[in-house]
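S.K.: Take this sequence and fold it.
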Amino acid sequence: MAYRWVREVCVRWYVVVALLLVGAILCLRWWGMREHARSMPGKAGEDDLSNVEITLHRSSGGGPGPAYYLIIDGKGQVQYQGESLVDTVGYRTAQIPVDSVRALIAEFYRVNYFALPGDRGLTPLDLPTCETSIRIGSRYHEVLHGVVLSQTKDSVVHLEDRIDDIAQSVRWIGPRALRRIAGR
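M.R.: Predicted coordinates for the structure are as follows:
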């Protein structure tokens, strides 16, 4: 009789433990899907643009190219710092539509930016470079684009140009600097 009672208690414990494990697994799967959805474009994570920052830094490397720095945040604020060979040297700010920020984020996903290698080639100090980065929440990635001959060069250059277009940086760097960039 005592054996039967012990067996019933053990079976009940097994059931309780099994239910707790199933509940824990379901909670973890739900949390993982929720976090994954936040990192996908067009999903819940993109609706919260407060933790978005996109940067572009062009350096002349002592050559004829412009040197400047752009920061675009999720609210559409653009910060510009002109360094050399640009029409506007110094700090400026502007505002762009939030939909433009969303379009730019979609462009980063379209070129599979987070999968690109961080260093896009060896760059001597006297040659121009362009560094881009994006932070969406806790996800961060940067790509240094120097002198490179690769299959991803076109998508990186296109992304750099899109950042310039959306930020309307030509208002600060000027048309001559823009032609020097286009003549890479």
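S.K.: Every contact and neighbour count from this point should use C-alpha atoms.
M.R.: Noted.
S.K.: And the strands in this protein?
M.R.: 52-59, 67-73, 77-84, 90-95, 129-136, 139-145 (DSSP state E).
S.K.: Out of these, which is closest to Val156?
M.R.: Closest to Val156 of the strands of the chain, according to Cα to Cα: strand 139-145, at 7.4 Å.
S.K.: what angle do the closest one and strand 52-59 make?
M.R.: 20 degrees (axes from the mean of the first three to the mean of the last three Cα atoms, to 10 degrees).
S.K.: what's the neighbour count on Val143?
M.R.: When neighbours are counted by other Cα atoms under 10 Å, Val143 registers 20.
S.K.: Tell me how far it lies from Cys130.
M.R.: 8 Å (Cα to Cα, to the nearest Å).
S.K.: how about low-confidence regions in this structure?
M.R.: 1-7, 9-47, 119-126, 146-152, 182-184 (pLDDT under 70).
S.K.: rerun at 80
M.R.: For the chain, residues meeting the criterion pLDDT under 80 lie at 1-48, 61-64, 118-128, 145-153, 178-184.
S.K.: Okay, domains of it per the record?
M.R.: 1-39, 48-182 (automatic domain parsing).
S.K.: Distance to Arg180 added to the strands of the chain, as JSON lines?
M.R.: Below are these laid out as JSON lines (distance: least, Cα to Cα, whole Å):
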{"stretch": "strand 52-59", "distance to Arg180": "12"}
{"stretch": "strand 67-73", "distance to Arg180": "11"}
{"stretch": "strand 77-84", "distance to Arg180": "13"}
{"stretch": "strand 90-95", "distance to Arg180": "20"}
{"stretch": "strand 129-136", "distance to Arg180": "13"}
{"stretch": "strand 139-145", "distance to Arg180": "16"}
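S.K.: which residues of the chain fall in helices?
M.R.: 2-39, 44-47, 98-110, 153-167, 170-173, 175-182 (DSSP state H).
S.K.: thinking again about what came up before, between the strands of the chain, which one is nearest to Val101?
M.R.: strand 67-73 (7.9 Å).
S.K.: who does that closest one touch, helix- and strand-wise?
M.R.: Under the contact criterion of 3 or more Cα pairs under 8 Å, 6 or more residues apart in numbering; DSSP states H and E, strand 67-73 touches strand 52-59, strand 77-84.
S.K.: Neighbouring strands of that strand in the sheet, and parallel or not?
M.R.: Strand 67-73 has the following sheet partners, assigned by DSSP bridges: strand 52-59 (antiparallel), strand 77-84 (antiparallel).
S.K.: Kind regards, and thank you for your time.
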